[in-house]
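[1] Provided below for reference: sequence and predicted model.
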Amino acid sequence: MATLNFMVGQEQGNVSVTVLRVEGDIDAATHKSLQDKAAEVIEAGSTHILLDLGGVNYMGSAGFRAIHAISNMLNDGDTPGTMKSTHLKLLNPTDAVARVIKTLGFDVYLDVYQDRAEAINSF
Amino acid sequence: METTLTSTETRVETLRKCEFLQGLKDSILRDLAARAEILHVNCGEKIVTRGEDGSTMYFIISGGARVHHGEVVLASIGSGDVFGEMAVLDSEKRSASVTTDSDTLLLSIERDMFYESLSTDPDSFKAVIHGVLQRGRGIIREVKTRSTKLMAYEKEMEIGRRIQAGFLPDSLPVIENWELASSFVAAREVAGDFYDVFKLNNLPHLAIVIGDVCDKGVGAALFMTLFRSLIRASSLYSNMCSGLVDSQTASASITADEVLKNSLLTTNRYIATTHAGSSMFASVFFGLLDTESGDLHYINAGHEPPIIFRQNGETELLDITGGVIGLFPPAQYAVEAASLKKGDLIFAYTDGVNEAKNLNGEQFGESRIMKTKDLQDSSADNFLSDILEAVHEFRGEAEQSDDITMLALKYLAQTSTA
């Protein structure tokens, strides 16, 4: 069965940011493991997550649903005055994934960065 | 696997539990038990591999295992169950794999040893054949029960499909100087495409909606009915209650923008808050067309950009003006405008068209849609038929994996005489 591999790192910017790197295809079979991993780091105290999608070649709608669920877990409700999540951001999506993010307009809801340092300091 | 010693009585009792050995005399069972080997298998070990030759059958004394095809588990078995007997009896390849789910104690008997034991008593063959047939009849009964249940389930799914189809318009409005056409080809698996075309009350606008709910299955179908109904109700509601209906001074464009925004903001906020835990979303194109002037105001919430095919051969994409709806309560959507001239055609579709795959895994793509156009001769109906035919031809023998939903509206070059 297809599986996802995760690497978790902690970086200090304006706030402490958990960088969660995902490798593999995020689809109907694997999205739950991404959600579970995020729940695990949030349970362990993470309040800001940078999701590194550099190792993801395919992300279907199940992947976007998982990202929304993670955003919900982090925010505990709306951040007043902003449409974008201030707790979850995306890093370095591959071309294929970036294209779907753009088509679905997910970049309207989540900031997408190419540069890791810039992303960490944006929180 | 480790060989272990176990008492003869335990061995005999284990064999006696096996359905197809139950007619054997005690002396034969004892002979088999004495010849059998006891194996201790650790949890997670694969004992039998599908497709391989096999001459050993196994009887579980204690522990448990799963019978599987790859990741698909066919059965869970435990103490008193037998496996591997089919390949022993008919000399065919192993029909499934078996992997232990806990530390397991097994009795194993080789084919030659089995027949040697039986050969001392001709009646024992009859008993085994009888036992195997009984087992076969049991399997047939089980298959019949399952297939009856499956047929009932498929009937329910068919009813669900028909109810879902009832949420799509029976017919399209007839509009002077316009040709309207729609096409919906459902995939075998239930999906969540929808479209809607309706007139707003007392406004010169025609509402055009096309959407696609994420994922597939019953969940997508249920949310499709919710998205479609909320959009229709909220756009009619905002039109009736905003006060703009009675305002002779309000310009049509402002009215259209407010209807569009109010409808999608309401729908988004309702689903994103009431059903936040489900993380279900839809891409939606919602346009309001002034059929007198050809002016189109629209919101594209994360949907494949509809295409305007101009009479002069040019094309224009109606790109996204916001993200998908149903996820984030504070979402905002911008309204954009386009203008259709006589002879132009607007084509809206779902990803069942551009993401249709052939057997090589290639996608139909937007570029092929562009190449399919033949505006000068095509009616809106023919235009959709041409695209559908091109998609079918491209897909070849590959299965249709998603709903195909298309809408075409053509602004007639010649004023109709109706």
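    Here it is on my side, so go on.
[2] for the rest of this, base every contact and every neighbour count on C-alpha atoms.
    Noted.
[3] do you know the pLDDT at residue 71?
    If you meant another chain, say so; for now it's chain A. As predicted, residue A:71 sits at a pLDDT of 92.
[4] nope, chain B
    For residue B:71, the pLDDT comes out at 81.
[5] neighbours around it, how many?
    7 (other C-alpha atoms under 10 Å in any protein chain shown).
[6] same check on residue B:344?
    Look at residue B:344: counted by other C-alpha under 10 Å, it has 23 neighbours.
[7] likewise for the one 5 residues further on?
    A count of nearby residues for residue B:349, using other C-alpha under 10 Å, gives 26.
[8] identify the bridge partners of it.
    For residue B:349, the beta-bridge partners are residue B:406 (DSSP bridges).
[9] and the residue most central in space within chain A, how far is that from residue A:89?
    Computing the C-alpha centroid of chain A and ranking residues by C-alpha atoms, centre = their mean puts residue A:51 first, at 3.2 Å. Noted for residue A:51: a distance of 6 Å to residue A:89, by C-alpha to C-alpha, to the nearest Å.
[10] please apply the same query to residue B:270.
    Residue B:270 sits 25 Å away from residue A:89, going by C-alpha to C-alpha.
[11] ok, back up a step: I'd say the residue nearest to the centre of chain A and residue A:91 touch.
    Yes - under the criterion of C-alpha atoms under 8 Å, residue A:51 makes contact with residue A:91 at 5.9 Å.
[12] near chain A, which residues of the stretch 51-200 of chain B?
    Residues of the stretch 51-200 of chain B found near chain A (C-alpha under 8 Å from any C-alpha of the partner chain) are residue B:71.
[13] so, low pLDDT: which residues of the stretch 51-200 of chain B?
    Residues of the stretch 51-200 of chain B meeting the criterion pLDDT under 70: none.
[14] what are the boundaries of the helices in it?
    Along the stretch 51-200 of chain B, the stretches classed as helices by DSSP state H, counting those that start in this stretch are B:85-90, B:111-118, B:122-165.
[15] if we can go back for a sec, what's the helix or strand for the residue nearest to the centre of chain A?
    Assigned by DSSP states H and E, residue A:51 belongs to strand A:49-55.
[16] please enumerate residues in contact with that strand?
    By C-alpha atoms under 8 Å, 6 or more residues apart in numbering or on different chains, the residues outside strand A:49-55 that reach it are A:17-24, A:87-94, A:119-120.
[17] what distance separates the start and the end of stretch A:21-40?
    With C-alpha to C-alpha as the measure, stretch A:21-40 spans 14 Å from end to end.
[18] buried stuff in that stretch?
    Buried positions in stretch A:21-40, judged by neighbour count with 16 or more other C-alpha atoms under 10 Å in any protein chain shown: A:21-27, A:30-35, A:37-39.
[19] in helices, which of the residues you listed fall?
    A:31-35, A:37-39 (DSSP state H).
[20] ok, now which ones touch residue 28?
    Because you didn't say which chain, this covers chain A. A:60, A:62-63.
[21] the chain in question should be chain B.
    Counting by C-alpha under 8 Å, 6+ apart, residue B:28 has contacts B:117-118, B:121, B:124.
[22] among the contacts of strand A:49-55, which ones are in helices?
    Per DSSP H, these map to helices at A:119-120.
[23] could you chop chain B up by domain?
    Under automatic domain parsing, the residue ranges defining each domain of chain B are B:2-143, B:167-411.
[24] any idea which of those is most buried?
    Looking across the domains of chain B with neighbours counted as mean count of other C-alpha atoms under 10 Å in any protein chain shown, the highest average goes to domain B:167-411: a mean of 19.
[25] strands along chain A, start to end?
    Using DSSP state E, the strands of chain A run over residues A:5-12, A:16-23, A:49-55, A:88-91, A:112-113.
[26] pick the most buried one from those strands.
    It is strand A:88-91: most buried of the strands of chain A by mean count of other C-alpha under 10 Å, with a mean of 24.
[27] do that one and chain B meet at all?
    No - contact of strand A:88-91 with chain B (C-alpha under 8 Å from any C-alpha) is absent, the minimum separation being 13.0 Å.
[28] what's that strand packed up against?
    The contact analysis (3 or more C-alpha pairs under 8 Å, 6 or more residues apart in numbering or on different chains; DSSP states H and E) places strand A:88-91 against strand A:49-55, helix A:61-75, strand A:112-113, helix A:116-121.
[29] which residues are contacting it?
    Applying C-alpha under 8 Å, 6+ apart, the contact partners of strand A:88-91 are A:48-54, A:70-71, A:74, A:110-116, A:119.
[30] go again using 7 Å as the cut-off
    Here strand A:88-91 makes contact (C-alpha atoms under 7 Å, 6 or more residues apart in numbering or on different chains) with A:48-53, A:71, A:110-114, A:116.
[31] likewise stretch B:151-167?
    By C-alpha under 7 Å, 6+ apart, the surrounding residues in contact with stretch B:151-167 are B:221, B:225.
[32] make it 8 Å
    Here stretch B:151-167 has contacts from B:190, B:194, B:221, B:225, B:228, using C-alpha under 8 Å, 6+ apart.
[33] and if you look at stretch B:331-344?
    For stretch B:331-344, contacts defined as C-alpha under 8 Å, 6+ apart pick out A:83, A:109, B:257, B:260-261, B:264-265, B:268-269, B:294-299, B:301, B:308-311, B:321-323, B:325, B:410-414.
[34] recalculate using a threshold of 6 Å.
    A:83, B:294-299, B:309-311, B:321-322, B:410-413 (C-alpha atoms under 6 Å, 6 or more residues apart in numbering or on different chains).
[35] could you do stretch A:8-21 as well?
    With contacts defined as C-alpha under 6 Å, 6+ apart, stretch A:8-21 is touched by A:6-7, A:48-52, A:120-121.
[36] again, only this time at 10 Å
    By C-alpha atoms under 10 Å, 6 or more residues apart in numbering or on different chains, the surrounding residues in contact with stretch A:8-21 are A:4-7, A:22, A:34, A:37-38, A:41-42, A:45-56, A:87-91, A:116-123.
[37] how far does it stretch from one end to the other?
    Taking C-alpha to C-alpha as the measure, stretch A:8-21 stretches 6 Å from start to finish.
[38] near chain B too, which of the contacts of residue A:28?
    Contacts with chain B within the contacts of residue A:28, as defined by C-alpha under 10 Å from any C-alpha of the partner chain: A:60, A:62.
[39] between the contacts of residue A:28, which sits nearest residue B:184?
    Nearest to residue B:184 among these: residue A:60, at 22.7 Å, using C-alpha to C-alpha.
[40] chain center to stretch B:175-190: distance?
    Computed by C-alpha atoms, centre = their mean, to the nearest Å, the chain-centroid distance of stretch B:175-190 equals 21 Å.
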